[in-house]
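> the amino acid sequence is not available; the structure is as follows:
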């Protein structure tokens with residue numbers, strides 16, 4: 001671990017002492033963090049916090065943060081916006097808030113391990129996963145290539161599963177190399193009795209990268225069919241979203257516990273969708289908060 005100060009060009013700190021994009025001070029952040037894509041969903045999560053417990057409510061661009069208490073435990077909820085590129089910003093800056101001394105710009109001698117849970121929506125690719133299901137991403141497959149930019153990537157990904165997937169898909173050379181990353185071993189057992197344990201695609205777009213064609217033809221003629229038919233032992237691809245691979249991958253490299261749980265609002269194989277999912281999302285938020293804070297359910 002380097003003891004040298006991190007240059008101001010590499011870790012940008014605002015004049016008020018807050019981190020560049022999130023505009024948070026180190027003391028604003030709880031050790032348990034819920035990540036949501038939609039800034040509007042921050043209000044939903046925060047509505048569960050104990051009355052009078054909210055001590056932080058800050059917004060910057062698409063990033064809104066509220067810190068309060070639930071079941072006697074502090075929790076932060078942060079909106080990330082859409083995509084793994086935003087997760088790169090959020091996870092890096094959350095780690096800096098926890099593990100960099102902003103006065104000296106040096107890594108703190110004692111590492112703080114954060115718990116990061118993304119709560120989102122997804123589309124199922126298996127015909128037997130009904131709308132309204134919860135899918136916890138035991139494994140995530142990054143179509144984005146983000147993790148490949150970081151040294152140590154090969155130490156945390158599943159190379160054998162990657163190779164089987166690339167062969168099955170006849171993966172085009174022009175696309176970023178997919179990577180397979182497992183969620184935190186601490187979080188998986190917390191959610192395995194309340195959700196489908198899944199293998200999740202993280203796509204770098206909503207249309208073409210998820211097999212949707214509006215006016216442009218696609219690289220894969222039948223992306224969903226190829227994803228549905230992939231098998232690796234008893235594992236199969238369950239769903240598609242846009243952030244989980246970067247969250248689990250960066251967290252594994254940085255020493256944090258991270259995972260993603262999503263509400264199924266579409267079944268891509270069956271060509272069904274449920275846009276009126278807001279009450280179901282409220283139930284998922286309640287479940288996740290109970291699990292993260294140790295409340296009996």
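Received it, and whenever you're ready, just let me know what you need. What you see is a predicted model, and the numbers here were worked out from it, not measured in a lab. Numbers count the residues shown, from 1 in each chain.

> tell me where this structure has helices.
Secondary structure of the chain by DSSP state H: the helices cover 39-46, 84-99, 153-156, 159-169, 188-191, 223-229, 244-254, 278-292.

> just say which of those helices is most tucked in.
Counting by mean count of other C-beta atoms under 10 Å, helix 244-254 has the highest mean neighbour count of these, with a mean of 27. From N, CA and C alone the C-beta is placed, and that goes for glycine too.

> and that one, how far out from the chain middle?
8 Å (C-alpha atoms, centre = their mean, to the nearest Å).

> could you give the angle of that helix to helix 84-99?
Interaxial angle, helix 244-254 versus helix 84-99 (axes from the mean of the first three to the mean of the last three C-alpha atoms, to 10 degrees): 30 degrees.

> helices or strands up against helix 244-254?
helix 84-99, strand 115-124, strand 134-142, helix 153-156, strand 179-182, strand 196-202, strand 257-267 (3 or more C-beta pairs under 8 Å, 6 or more residues apart in numbering; DSSP states H and E).

> and stretch 181-189, end to end?
17 Å (C-alpha to C-alpha, to the nearest Å).

> what's it in contact with?
115, 117, 136-140, 142, 147, 156-158, 197, 244-245, 248-249, 251-252, 256-260 (C-beta atoms under 8 Å, 6 or more residues apart in numbering).

> contact partners for residue 19?
Counted by C-beta under 8 Å, 6+ apart, residue 19 has contacts 12-13, 93, 96-97.

> can I get these in a markdown table with pLDDT?
A markdown table is the format used below for the contacts of residue 19 (pLDDT from 0 to 100):
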| residue | pLDDT |
| --- | --- |
| 12 | 97 |
| 13 | 97 |
| 93 | 98 |
| 96 | 98 |
| 97 | 98 |
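
> with adjacent residues omitted, what lies nearest to the residue nearest the centre of the chain?
The residue lying closest to the centre of the chain (C-alpha atoms, centre = their mean) is residue 244, at 3.6 Å. Closest residue to residue 244 in three dimensions, ignoring its sequence neighbours and counting by C-beta to C-beta, 6 or more residues apart in numbering: residue 260, at 3.7 Å.

> so what's that neighbour up against?
So residue 260 contacts 117-120, 136-137, 140, 183, 200, 241, 243-244, 247-248 (C-beta under 8 Å, 6+ apart).

> just the buried ones from the residues you listed?
117-120, 136-137, 140, 183, 200, 241, 243-244, 247-248 (16 or more other C-beta atoms under 10 Å).

> tabulate these (JSON lines), appending pLDDT and distance to residue 235.
Converted to JSON lines, the buried ones among the contacts of residue 260 look like this (pLDDT from 0 to 100; distance: C-beta to C-beta, whole Å):
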{"residue": "117", "pLDDT": "98", "distance to residue 235": "22"}
{"residue": "118", "pLDDT": "98", "distance to residue 235": "20"}
{"residue": "119", "pLDDT": "98", "distance to residue 235": "23"}
{"residue": "120", "pLDDT": "97", "distance to residue 235": "21"}
{"residue": "136", "pLDDT": "98", "distance to residue 235": "14"}
{"residue": "137", "pLDDT": "98", "distance to residue 235": "12"}
{"residue": "140", "pLDDT": "98", "distance to residue 235": "12"}
{"residue": "183", "pLDDT": "98", "distance to residue 235": "13"}
{"residue": "200", "pLDDT": "98", "distance to residue 235": "11"}
{"residue": "241", "pLDDT": "98", "distance to residue 235": "17"}
{"residue": "243", "pLDDT": "98", "distance to residue 235": "21"}
{"residue": "244", "pLDDT": "98", "distance to residue 235": "15"}
{"residue": "247", "pLDDT": "98", "distance to residue 235": "20"}
{"residue": "248", "pLDDT": "98", "distance to residue 235": "16"}
